[in-house]
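>>> Here's my sequence, what's the structure:
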Amino acid sequence: MNNAPRKALAPTDVWTPRQLEQLDAVVAACALIAHADGEVSTEERGRMLDRIRGQAGLIPFGVDDVLEAFEALDTRFETRPEEARAEAEMMIRRIKGRAETAEVAAAAVAVSIADGGLEADERQVILDICAWLGVAPSRFDLTH
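Numbering: from 1, shown residues only. As a prediction, the model looks like this:
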């Protein structure tokens with residue numbers, strides 16, 4: 001339920017609603033992890049961008065598109081954290097049952113360890129994301 005206006009697609013853009021939902025889910029997962037410890041580090045942003053670049057379904061999106069989506073959600077986390085968390089959860093739940101669910105959970109794990117380790121609050125967010133997506137947390141080594 002992303003209320004931020006999304007920029008209009010150019011006639012040459014071939015983004016599908018499925019790709020937009022996947023982008024929203026990855027960005028939401030990354031934002032939840034980034035905000036789990038109260039601050040968003042440069043390493044977390046970089047890891048998120050690396051993760052998104054590596055997902056085949058998100059290839060049509062450029063770094064600017066990803067950063068724009070992240071910054072919009074990040075701003076909402078800073079001004080209305082409870083609403084932003086509920087919005088992020090809805091964005092993630094929207095892709096439950098799809099093949100890319102494990103990629104979204106893996107992106108959350110990658111961002112969580114970007115700053116040197118997996119904190120308890122970040123681990124809980126990953127467990128929440130796995131539950132929302134129906135992904136077994138045992139797929140990921142959560143002891144970093």
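
>>> Surely residue 30 and residue 111 touch.
Yes: shown here, residue 30 and residue 111 form a contact pair, counting by C-beta atoms under 8 Å, at 4.8 Å. Every C-beta, even on glycine, is put in place using the N, C-alpha and C of the backbone.

>>> Now do stretch 69-87: distance from first to last residue.
End-to-end distance of stretch 69-87: 13 Å, with C-alpha to C-alpha, to the nearest Å as the criterion.

>>> from the chain's centre, how far out does stretch 102-110 sit?
In terms of C-alpha atoms, centre = their mean, to the nearest Å, the centre of stretch 102-110 is found 8 Å from the chain centre.

>>> likewise stretch 124-136?
Centre-to-centre, stretch 124-136 and its host chain are 12 Å apart (C-alpha atoms, centre = their mean).

>>> how close does residue 82 sit to residue 90?
Distance of residue 82 to residue 90, given as C-beta to C-beta, to the nearest Å: 13 Å.
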